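>>> Need a 3D model of the following:
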Amino acid sequence: MIPSIKYKSKLASLISGLGTVLAVIGVFLFVGADKFQEAMDAKRAEMIGGIGAILLIAGLIVIGVVYMTMKKKSYEKMIQYIKEKNLEPAISSSVDNALAVYKACPGTKMEKYIAALNPEAGAFIKKNRNKLK
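Prediction:
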C-alpha cells in the first residue's frame, strides 16, 4: 500500500493523490529502465529512465506544494478563529490553552504566534516540539 495524505479538501486530496501516482510511476520507470534496456536499444532505455526521473520529481513537487498550501490555510483559519472568538487573552494567560491551540494546528508559524502571546508556552513548545505533534 502506498501511503498518502488525506486532506479535508477533496480537491487537495485528489491533487496530492495524482502527485503520488506520478511519483510512483516515475520510480518504476527510473528503476525499471535497466530492464527495458534488454528489450530495446540503450538510448530508448535511457530516455525512459529520464522520463521516470522527471515524473518522480514532478510528483514530489506536487505533493509538497499541496502540503504547504494546506498547512498555510490551516494556520490562517486557526488565526482567524482565534481573533473572531477573542481567544488571545486565554492563550496569553494559560500554558494549557496555548498548548491546546498548538496541538490543533502545529507548526513553526503557530509556535511563533503563541510565543509572542505567551513566552512561557512558546519556550515549552520549542523544547517539546516533537512530543506535541
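>>> what mean pLDDT does the longest helix anywhere in the chain have?
Scanning the chain for the helix with the most residues, using DSSP state H, yields helix 42-84. Mean pLDDT, helix 42-84: 93.
>>> Starting from that helix, tell me the next helix or strand along the chain.
For helix 42-84, the following helix or strand on the C-terminal side (DSSP states H and E) is helix 88-93.
>>> helix, strand or coil for K8?
Assigned state for K8: coil (three-state reduction, DSSP: H, G, I helix; E, B strand; the rest coil).
>>> give me every residue that touches it.
When the contact criterion is Cβ atoms under 8 Å, 6 or more residues apart in numbering, K8 has no partners at all. Using the backbone N, CA and C atoms, a C-beta is placed for each residue, glycine as well.
>>> phi, psi of it?
phi -70, psi -30 (degrees, to the nearest 10).
>>> who touches stretch 114-124?
Residues contacting stretch 114-124 (Cβ under 8 Å, 6+ apart): 88, 91-95, 98-99, 101-102, 111-112, 125-126.
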